[in-house]
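Visitor: Sequence first, then the predicted structure, then my questions.
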Amino acid sequence: MDVKSNPRGRHLTHPIFTNSTEPLSSTGHFPCLSLVHIARGLCALSFHQMGSVPLPSSIFGRPSSTFFYPHQHFRKAQPLSVSCDYSSFEIRDVSYRPPGTKIDLLSQVNLSIHEKSFGLIFGRSGSGKTTLLQLIAGLSKPTSGSIYVQRYSDDGEKIKSPEPLQPERVGIVFQFPERYFVADTVLDEVTFGWPRQKDGLQLRELLASRLQKAITSVGLTGVSLDKDPHSLSGGYKRRLALAIQLVQTPDLLILDEPLAGLDWKARADVAKLLKQLKKELTLLVVSHDLKELTSLVDQSWRMEMGGALKREPLPI
Ligand SMILES: Nc1ncnc2c1ncn2[C@@H]1O[C@H](COP(=O)(O)OP(=O)(O)OP(=O)(O)O)[C@@H](O)[C@H]1O
């Protein structure tokens, strides 16, 4: 994998800040279930189980709900039929030729991935999988084709004009993310690039509350925020890399070889964690580790040499 771009993504471009007047607490208490998320709906069942902080509205907007109401006076409850809209990330006819070269690394790639599902791309080394992830994350631009979000009604009808996928709604964790850790403590690593200016206080508070949730959701609560990230075990380093992205509350999280280089226990732990994350957001993963991920996969594609993508079941 050739990572020429900032591996921490475009959100993280400033040095570490530590001078907030509201110190971060690793022990702050957050109630279990947010009213915001309850209100957001029984349809998507997208309860954020660890935090109560309302997150900014996502590109998916508000899902409609299916619920029951009492029919007249305590007669049998009748279902109120309401449709469940959904969104899909769409890649249409995307080709890519790196500037200054004459070879297409990707040719006419098509892919749709339903929100809150797990998609896996597999294929031989050098076929172009990482290149595709970089395009989806907005780190390079396709030579042709488009990448957008489409909203559908429950019967599959398009109900809105497609919207370009905003790179800030996409999180990406590169292969061996621990190689890009830059700070001396876990806290500094996660807060790398947060705003330092006084007028950034509100944003820092929001980020701090999301940090609490992210740390909890990846199972890092037992780790001291003062610890050197390089001293963490392989599995915990991956958790930290995931937490860094989750603070940004992406709608789509892209992972390049999330299990590479881990021992069997850490692989199982990370796979379990991804299963949890799938309840909250959409995951698109490139991996050679098909066995460990097979129970999570909703859709899979094979990338062929020459950069063509084919929908295909996992070959196991
Ligand atoms: N900017 C570039 N210019 C020219 N060739 C490139 C460029 N970026 C990547 N390549 C080449 O494109 C091919 C696909 O690379 P890519 O990293 O996307 O493959 P991959 O399927 O992710 O491989 P792996 O599974 O080994 O990570 C490789 O042969 C790589 O050398």
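Guide: Structure received. Computed from a predicted model, the values in this text were never measured in an experiment.
Visitor: Please make it C-alpha for all contacts and neighbour counts, starting now.
Guide: Will do.
Visitor: for the closest residue to Gly138 other than its chain neighbours, what are its contacts?
Guide: What sits nearest to Gly138 in space, not counting adjacent residues and going by CA to CA, 6 or more residues apart in numbering, is Pro167, at 5.2 Å. Going by CA atoms under 8 Å, 6 or more residues apart in numbering, Pro167 touches Ile136, Ala137, Gly138.
Visitor: Can you get me a residue count around the last one?
Guide: Right, Gly138. By other CA atoms under 10 Å, the residues close to Gly138 number 18.
Visitor: from here on, count from 45
Guide: Right, with 45 as the first residue, what we last looked at is Gly182.
Visitor: gap between the residue nearest to Gly182 and Ser261?
Guide: 23 Å (CA to CA, to the nearest Å).
Visitor: How are the helices of the stretch 95-244 of the chain distributed by residue range?
Guide: 173-180, 230-235 (DSSP state H, counting those that start in this stretch).
Visitor: who touches the longest one?
Guide: This means helix 173-180. 45, 149-150, 165-167, 184-186, 191, 211, 298, 300, 330, 347, 351.
Visitor: Out of those residues, which end up buried?
Guide: 149-150, 165-167, 185-186, 191, 211, 298, 300, 330, 347, 351 (16 or more other CA atoms under 10 Å).
Visitor: can you name the two of the residues you listed that are farthest apart?
Guide: Gly167 and Pro211 (25.0 Å; CA to CA).
Visitor: Flag the shaky bits of this protein, pLDDT-wise.
Guide: 45-127 (pLDDT under 70).
Visitor: what sits against Phe166?
Guide: Lys173, Val330, Ser331, His332, Ser344, Trp345, Arg346, Met347.
Visitor: quick check, nearest of these to the ligand?
Guide: Lys173 (3.9 Å; CA to the nearest ligand atom).
Visitor: And the strands in this protein, which stretches?
Guide: For the chain, the strands defined by DSSP state E cover 111-113, 122-124, 130-140, 150-158, 162-167, 188-196, 207-208, 214-217, 296-300, 326-330, 343-348, 352-355.
Visitor: Which residue is the nearest non-sequential neighbour of Asp313?
Guide: Nearest to Asp313 is Gly279, by CA to CA, 6+ apart, at 7.4 Å.
Visitor: Tell me if I'm right that the one you found and Leu306 touch.
Guide: Yes - Gly279 is within contact range of Leu306, at 6.7 Å (criterion: CA atoms under 8 Å).
Visitor: Run through the residues of this structure sitting next to the ligand.
Guide: Met45, Pro142, Leu149, Arg168, Ser169, Gly170, Ser171, Gly172, Lys173, Thr174, Thr175 (CA under 6 Å from any ligand atom).
Visitor: Hmm, Ser161 and Asp342 touching each other?
Guide: Yes - checked against CA under 8 Å, the pair Asp342 and Ser161 is within contact range at 6.2 Å.
Visitor: Compare neighbour counts for those two and give me the winner.
Guide: Using other CA under 10 Å, the more surrounded residue of Asp342 and Ser161 is Ser161, with 21 against 14.
Visitor: need the contact list for that one.
Guide: Ser161 is in contact with Lys322, Lys323, Leu325, Thr326, Leu327, Val341, Asp342, counting by CA under 8 Å, 6+ apart.
Visitor: Can you tell me how far it is from the ligand?
Guide: According to CA to the nearest ligand atom, to the nearest Å, Ser161 and the ligand sit 21 Å apart.
Visitor: try Leu334
Guide: Using CA to the nearest ligand atom, one obtains 13 Å as the distance from Leu334 to the ligand.
Visitor: And for Ala304?
Guide: Taking CA to the nearest ligand atom, one finds Ala304 at 11 Å from the ligand.
Visitor: picking that back up, quick one: which of the contacts of Pro211 is nearest the ligand?
Guide: Looking across the contacts of Pro211 and measuring by CA to the nearest ligand atom, the closest to the ligand is Ile180, at 12.3 Å.
Visitor: hey, what's Glu207 bridged with?
Guide: Residues in a beta bridge with Glu207, per DSSP bridges, are Val193.
Visitor: got a list of what it touches?
Guide: Glu207 neighbours (CA under 8 Å, 6+ apart): Tyr192, Val193, Gln194.
Visitor: Please convert the residues you listed to CSV, extending it with neighbour count.
Guide: Listed next are these as CSV, based on neighbours: other CA atoms under 10 Å:
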residue, neighbour count
Tyr192, 17
Val193, 23
Gln194, 22
